[in-house]
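Trainee: the amino acid sequence is not available; the structure is as follows:
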């Protein structure tokens, strides 16, 4: 690969000038204040033009042998901010002369002031619509930029193409700057957002920072040091973190992985996710909130990259291993436990709802638009928790949905071990995931009614498994105080949700009573999740829950006053 530009992300120009420092440090707001205005003193253009195309190396992934660098192709760097900079010797001014945005084909063009004879072109790894920026989380969130060498502009027309190369010099690994990586990451997510914008033109996405670094590696710790554990979306900071450690795990070319993480951003910023997170994998019987969130991310990757329905993750020495392949079209053939608690089942259902009707049980082909509508509509506003039940119920409830379409949806969910969905609370579901204690999904309780005994499974290997979580729904008969009390000889926690919003938590003791009171609205449906924290043990244990009118003296909302240990 030929590197015809350099990647301005490190300390390469840190001491040359203030502007060069900003390129290195990546203070985007300072660029807006200090640069981007045409130099008035040299605006006397007489027809000189500089133009060209911006491209990056896209390296495809394979089903067995990781990344195939020999098949790399040059793709356009689209819709990014491009700045024309007057060239000065080291230590000079580097004055910004003009700014533009690259086209969908990567093209850019600048008029060049007559008195200017040497310039640089600087392309930033950020787009304005949708708003995305790729930054180095290990270098003060530096904004990546591709910068040319000095360009002589004495002719009337000067052509300068720039390519961000992969930096791969052959086995075993990289030998040059990995200039393409930030732009590959950017372009994948640019295409993802644009796919939604194409079917729903009025959508406005909030800014998404994409944190990529050659230091980002799969170990826990400080993200500022590159210890990001895995590629993920961080809801706390509203940003994606992408692995980039060569010969270990890199994800900038793993497009399905990138789109999956964007899917979590979408849920957080545009829709809703009640997922409790944690480790998960094929065959796991997990909390239905987690099953939906992960199944959604996987399915979305295949929707955006259609017809490539095979999710691929690569890594290892030379990025030469494909460590994971998930086929959205296999419909749980590799899943020993299909059902509403399985991310594999969820992804199969969602993808089949999207794709053309191409199987005997799949006669639904929604495309992306209706899926956007459900995710930002009925799924977002559900009184239950986000799951395949809430999504499917909202889909069936779309005005004008015919009886034949509803029957087709039922055939599709049944193919993944899910009974015809009646409501968002899983009413009528018969698949218990191997233990009768898992059903019904939601226990119905009444205020001042009898208590409810919940059974938890201690032999699950993680607290995000279905057997460690139980759900209750109740309706407040009138506005006023309501108390919730849970008793167990083991460790439990209570969380109260109102339309997905956490409004009360009791998680204060390792055994005994957890309780809180809250001010209820009249005739409002509330969801209580009861978390069992005992796992990797044996047998079962129970908790008794009571819901009554009135206050608990001194027991208003309690928010995580003890630190949980994973047991």
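Mentor: Received, thanks. Since this is a predicted model, take the numbers as computed values, not measurements. Residues are numbered from 1 along each chain as shown.

Trainee: I'd like to know which helix or strand in this structure has the lowest mean pLDDT.
Mentor: Taking mean pLDDT, DSSP states H and E as the measure, the helix or strand of the chain with the lowest value is helix 28-34, at a mean of 27.

Trainee: how about residue 267, secondary structure?
Mentor: helix (DSSP: H, G, I helix; E, B strand; the rest coil).

Trainee: next, count neighbours for it.
Mentor: By the criterion of other C-beta atoms under 10 Å, residue 267 has 25 neighbours. (C-beta placed from N, C-alpha, C; glycine too.)

Trainee: what of the one 10 residues further on?
Mentor: When counting by other C-beta under 10 Å, one arrives at 15 neighbours for residue 277.

Trainee: endpoint to endpoint, stretch 98-109 covers what distance?
Mentor: 10 Å (C-alpha to C-alpha, to the nearest Å).

Trainee: wait, residue 490 sits on residue 457?
Mentor: No. Counting by C-beta atoms under 8 Å, residue 490 sits too far from residue 457 to count as a contact (11.6 Å).

Trainee: which residue of those two possesses the greater neighbour count?
Mentor: A count of neighbours by other C-beta under 10 Å puts residue 457 above the other of residue 490 and residue 457, at 24 against 18.

Trainee: residue 538 is in contact with the more buried one, correct?
Mentor: No. At 9.7 Å, residue 457 and residue 538 do not qualify as touching, with contact defined as C-beta under 8 Å.

Trainee: helix or strand next in line after the least confident helix or strand of the chain, which one?
Mentor: The C-terminal neighbour of helix 28-34 among helices and strands, as given by DSSP states H and E, is strand 49-58.

Trainee: buried stuff in that next one?
Mentor: Judged by neighbour count (16 or more other C-beta atoms under 10 Å), strand 49-58 contains these buried residues: 50-58.

Trainee: name the nearest of the residues you listed relative to residue 449.
Mentor: Closest to residue 449 out of the buried residues of strand 49-58 is residue 58 (60.5 Å), distances taken as C-beta to C-beta.

Trainee: beta partners for the closest one?
Mentor: Counting by DSSP bridges, residue 58 is bridged to residue 73.

Trainee: in this structure residue 81 contacts residue 124, no?
Mentor: Yes. If you go by C-beta under 8 Å, residue 81 and residue 124 touch, sitting 4.6 Å apart.

Trainee: quick one, which of the two is more surrounded?
Mentor: Each of residue 81 and residue 124 has its neighbours counted (other C-beta under 10 Å); residue 124 has more, 25 against 21.

Trainee: any idea how far residue 273 lies from residue 226?
Mentor: 26 Å (C-beta to C-beta, to the nearest Å).

Trainee: tell me which of those two has more neighbours.
Mentor: Shown here are residue 273 and residue 226; by other C-beta under 10 Å, residue 273 has more neighbours (25 against 21).

Trainee: now the spatially closest residue to that one that is not a sequence neighbour: how far from residue 282?
Mentor: Distances taken as C-beta to C-beta, 6 or more residues apart in numbering place residue 267 nearest to residue 273, at 3.8 Å, with adjacent residues excluded. As judged by C-beta to C-beta, residue 267 and residue 282 stand 21 Å apart.

Trainee: report the distance from stretch 443-461 to the chain centre.
Mentor: 33 Å (C-alpha atoms, centre = their mean, to the nearest Å).

Trainee: can you list contacts of it?
Mentor: With C-beta atoms under 8 Å, 6 or more residues apart in numbering as the test, stretch 443-461 has contacts from 435, 437, 465-468, 470-477, 482, 490, 492, 530, 532, 534-549.

Trainee: need the buried residues of strand 49-58 in TSV with distance to residue 409 and pLDDT, can you?
Mentor: Formatted as TSV, the buried residues of strand 49-58 follow (distance: C-beta to C-beta, whole Å; pLDDT from 0 to 100):
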residue	distance to residue 409	pLDDT
50	56	98
51	52	98
52	50	98
53	46	98
54	44	98
55	43	98
56	41	98
57	42	98
58	37	98
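
Trainee: of these, which is the nearest to residue 132?
Mentor: Nearest to residue 132 among the buried residues of strand 49-58, counting by C-beta to C-beta, is residue 56 at 14.5 Å.

Trainee: since we're on the closest residue to residue 315 other than its chain neighbours, how many residues are nearby?
Mentor: Closest residue to residue 315 apart from its sequence neighbours, by C-beta to C-beta, 6+ apart: residue 249 at 3.9 Å. For residue 249, the count of nearby residues is 22 (other C-beta under 10 Å).

Trainee: ok, now which ones touch residue 217?
Mentor: Applying C-beta under 8 Å, 6+ apart to residue 217 gives the contacts 226-228, 243-245, 248-249.

Trainee: pull the longest helix from the chain.
Mentor: helix 180-199 (DSSP state H).

Trainee: mind listing the strands the helix or strand following that one pairs with, and their directions?
Mentor: Once the chain leaves helix 180-199, the next helix or strand it forms, by DSSP H and E, is strand 208-212. Strand 208-212 pairs in its sheet with strand 131-136 (parallel), strand 239-242 (parallel), by DSSP bridges.
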